[in-house]
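>>> got a structure for you, letters missing:
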């Protein structure tokens, strides 16, 4: 613990709190996710610590369940994007030739379309479910991971130990997972934190626009949408999820910076 800077400790603490609240949401939340328990926009009190929302549901309970949904979708989409993007990026770099060119040009084509516009078009004609959100967000973001993974792998594949593996007759799977991946983990792990932040902001934006998580399910972007009119009357119900999104993103960023500073971007050997 002595080697962990204060900023990283703060980031780890907030991140741990948010994830634990997401995991144990049914045990922590004082009321049900969609349970109407009071009047519209009641102020904070001993009964409702954050007050109530636009239809009388306990805002703290909505925030806890909303955090669970937001973090789950962001986590699963991040995992999907990294598995897909890194494997394809390593495969392109190790294969080279027309395979590398075909994959890279396809990724360039997808990246030329703004992600938000692409997502809005797809979700306007497809059912808006949690599974669809995870698949869409993960596959869209995998293009960014592909570019990073390929760039890192291109530098690694010219190393002597990779050439030695090729001369030994190792298959492409061995070169990707035993030679390339261990030496590319550092930048990928650091980038994973940044992509998770993007996923949180992405799903919150989609929900705010009405094409993300659908009521009565809760997520932080949707809670902002449901209570935005209250800002005109001095009601802070829409600001609590905004604070949560900001603190979670900052916390993850602090942890990612610490991890990046502790590791080297590339290793000179298999280490």
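Thanks, I have it. From a predicted model like this one, the values you see are computed outputs, not experimental measurements. Residues are numbered from 1 along each chain as shown.

>>> residues touching residue 120, list them.
206, 209, 211 (Cβ atoms under 8 Å, 6 or more residues apart in numbering). (Glycine included, C-beta is placed from N, CA and C.)

>>> Show only the entries of those residues found in helices.
residue 206 (DSSP state H).

>>> buried set for stretch 234-250?
235-238, 240-241, 244-245, 247-250 (16 or more other Cβ atoms under 10 Å).

>>> before we move on, the earlier item: compare the contacts of residue 120 and tell me which has the most neighbours.
Taking other Cβ atoms under 10 Å as the neighbour criterion, residue 206 ranks highest of the contacts of residue 120 with 24 neighbours.

>>> With residue 56 as the reference, measure out to it.
To residue 56, residue 206 is 26 Å away according to Cβ to Cβ, to the nearest Å.

>>> What segments of this structure are helices?
Counting by DSSP H, the helices of the chain are 6-23, 25-28, 59-95, 97-111, 115-125, 130-156, 160-167, 172-174, 181-208, 220-227, 239-262.

>>> Point out the most buried one among the ones you listed.
helix 220-227 (a mean of 25; mean count of other Cβ atoms under 10 Å).

>>> Show me what that helix packs onto, helices and strands only.
With contacts defined as 3 or more Cβ pairs under 8 Å, 6 or more residues apart in numbering; DSSP states H and E, helix 220-227 has these neighbours: helix 59-95, helix 181-208, helix 239-262.

>>> and that helix, how far from the chain's centre?
19 Å (Cα atoms, centre = their mean, to the nearest Å).

>>> Report the inter-axis angle for that helix versus helix 59-95.
Per axes from the mean of the first three to the mean of the last three Cα atoms, to 10 degrees, the angle that helix 220-227 makes with helix 59-95 is 140 degrees.

>>> what mean pLDDT does helix 220-227 have?
Mean per-residue pLDDT for helix 220-227: 92.

>>> Reformat the helices of the chain as a markdown table; add distance to residue 38.
Output for these, formatted as a markdown table (distance: least, Cβ to Cβ, whole Å):
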| stretch | distance to residue 38 |
| --- | --- |
| helix 6-23 | 22 |
| helix 25-28 | 19 |
| helix 59-95 | 10 |
| helix 97-111 | 46 |
| helix 115-125 | 33 |
| helix 130-156 | 28 |
| helix 160-167 | 63 |
| helix 172-174 | 58 |
| helix 181-208 | 23 |
| helix 220-227 | 14 |
| helix 239-262 | 16 |
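
>>> starting at the chain centroid, how far to stretch 100-117?
20 Å.

>>> Then stretch 13-27?
16 Å.

>>> Report how many residues lie close to residue 214.
15.

>>> ok, the closest residue to it other than its chain neighbours - contacts?
Using Cβ to Cβ, 6 or more residues apart in numbering and skipping residues adjacent in sequence, the residue nearest residue 214 is residue 128, 5.7 Å away. When contacts are counted by Cβ under 8 Å, 6+ apart, residue 128 touches 211-212, 214.

>>> Closest to residue 8 out of those?
Closest approach to residue 8 among the contacts of residue 128 (Cβ to Cβ): residue 212, at 30.7 Å.

>>> Wait, that closest one touches residue 222, no?
Yes: using Cβ atoms under 8 Å, residue 212 makes contact with residue 222 at a distance of 6.5 Å.

>>> out of the buried residues of stretch 234-250, which one sits closest to residue 8?
The closest of the buried residues of stretch 234-250, once distances to residue 8 are taken by Cβ to Cβ, is residue 250, at 12.0 Å.

>>> Include distance to residue 73 when you put the contacts of residue 128 into a markdown table, please.
Listed next are these as a markdown table, based on distance: Cβ to Cβ, whole Å:
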| residue | distance to residue 73 |
| --- | --- |
| 211 | 13 |
| 212 | 9 |
| 214 | 12 |
